[in-house]
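A.B. asks: Sequence and predicted structure below; questions after.
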Amino acid sequence: MKIDHISISNRWRSCVEDCRSFWGTCLDSDQALVRERISMHFAGRRKVTSANPLD
């Protein structure tokens, strides 16, 4: 039995939701396919409003 894995840095480790290996694929190899599900949230540009509008 071989262990197939995904390497990830500590910075992105909290983004990983699920990781699975699939051995029943139709590939002629002794390696398993590895699937990783990640969740990322990006901060967008925030609208800046001024306290003193120019009229």
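C.D. replies: Cool, the structure landed.
A.B. asks: As a check, name the ranges of all strands in this protein.
C.D. replies: Ranges of strands within the chain are 16-22, 33-38, based on DSSP state E.
A.B. asks: Now tabulate those strands in TSV and tack on mean neighbour count and mean pLDDT.
C.D. replies: To be clear about C-beta, it is placed using only N, CA and C from the backbone, and glycine gets the same treatment. Listed next are the strands of the chain as TSV, based on neighbours: other C-beta atoms under 10 Å; pLDDT from 0 to 100:
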stretch	mean neighbour count	mean pLDDT
strand 16-22	11	84
strand 33-38	12	85
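A.B. asks: In CSV: the ones you listed, plus distance to Asn10.
C.D. replies: What follows is these, written out as CSV (distance: least, C-beta to C-beta, whole Å):
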stretch, distance to Asn10
strand 16-22, 11
strand 33-38, 15
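A.B. asks: And the ones you listed: which comes nearest Val48?
C.D. replies: strand 33-38 (30.6 Å; C-beta to C-beta).
A.B. asks: bridging residues for the spatially most central residue of the chain?
C.D. replies: Central residue check for the chain by C-alpha atoms, centre = their mean: the C-alpha nearest the mean position is that of Ile38, 2.9 Å away. With DSSP bridges applied, Ile38 shows beta-bridge pairing to Val16.
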